[in-house]
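[1] Okay, predicted coordinates and the sequence, questions at the end:
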Amino acid sequence: AARNPSPPAAASGAAAQPPAGADARAKLEVLDAILASKNDNDPRLDSDFNDLSPDAKALLRWKYARLPPEERNERGTIVYLLGRGRNLSSPEDWAFLRSVAGEPACLSLADCSRRPRPGDGEDEDVGDAVTLAYPALVALKQAEGALARAGNAPGSAAVRREALSVFDAGAASRAPAAARLALRLRRRWAAARG
């Protein structure tokens with residue numbers, strides 16, 4: 001059966017949950033439990049989300065789109081899972097990483113759409129810049145990881161094109177930390193090509 005690609009990250013969070021089998025829904029339930037626990041070291045993150053089915057990946061992309069943009073860690077966790085190893089295997093997977101790398105900048109942890117006013121208690125520092133750009137940074141690093149894994153194996157040219165397109169999306173980002181990392185990765189991998 002034909003499957004509609006999941007909406008890009010910037011799409012409305014009100015989209016209906018994509019159809020999925022019991023295994024894919026079970027993965028989403030595990031993810032919801034991990035996100036609710038706020039345990040970034042939950043071992044299930046490294047064991048239960050390997051080689052996800054297309055339905056499970058669609059559900060995770062749907063979940064990402066529904067999360068408030070201020071939930072930077074939760075969104076970054078989903079990007080991490082979808083960009084791991086064999087999970088990064090389809091055009092939809094790469095399109096998702098590109099959309100995340102190029103998302104509008106999050107301006108404040110309290111409200112991504114607004115810069116904090118002086119005296120709001122949000123003093124900008126390097127840690128905040130990284131936190132604000134966290135999902136995009138994870139997308140960029142996952143694209144880099146795919147490039148490193150591909151090496152000169154069959155299909156590596158396609159991986160290279162896709163990863164460089166993720167770097168390009170990040171380089172155009174208005175989030176300074178994401179743009180800097182994207183440009184650094186683009187230069188590094190262009191130099192590695194020779």
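    Yep, it's here.
[2] now E70: how far from L31?
    18 Å (Cβ to Cβ, to the nearest Å). From N, CA and C alone the C-beta is placed, and that goes for glycine too.
[3] More neighbours: which of the two?
    Each of E70 and L31 has its neighbours counted (other Cβ atoms under 10 Å); L31 has more, 23 against 15.
[4] And the more buried one, what's its pLDDT?
    Note on L31: pLDDT of 96.
[5] The one 3 residues further on too?
    Reading off the per-residue confidence, I34 sits at a pLDDT of 96.
[6] Over to R66?
    In this model, R66 carries a pLDDT of 96.
[7] now swap in A129 and tell me
    89.
[8] Give me the nearest residue to it, chain neighbours excluded.
    Among residues not flanking A129 along the chain, A177 sits closest, at 4.6 Å (Cβ to Cβ, 6 or more residues apart in numbering).
[9] now swap in D111 and tell me
    E70 (6.8 Å).
[10] For the one you found, I want the exact helix or strand it lies within.
    Using DSSP states H and E, E70 sits within no helix or strand.
[11] Please name the residues that touch it.
    Contacts of E70 were listed using Cβ atoms under 8 Å, 6 or more residues apart in numbering, and they are 106, 109-112.
[12] gap between it and A172?
    22 Å.
[13] With adjacent residues omitted, what lies nearest to the residue most central in space within the chain?
    The C-alpha lying nearest the average C-alpha coordinate of the chain belongs to V79 (Cα atoms, centre = their mean; 2.9 Å). Spatially, and ignoring its direct neighbours in sequence, V79 is nearest to V138 (4.3 Å; Cβ to Cβ, 6+ apart).
[14] Perfect, I'm done here.
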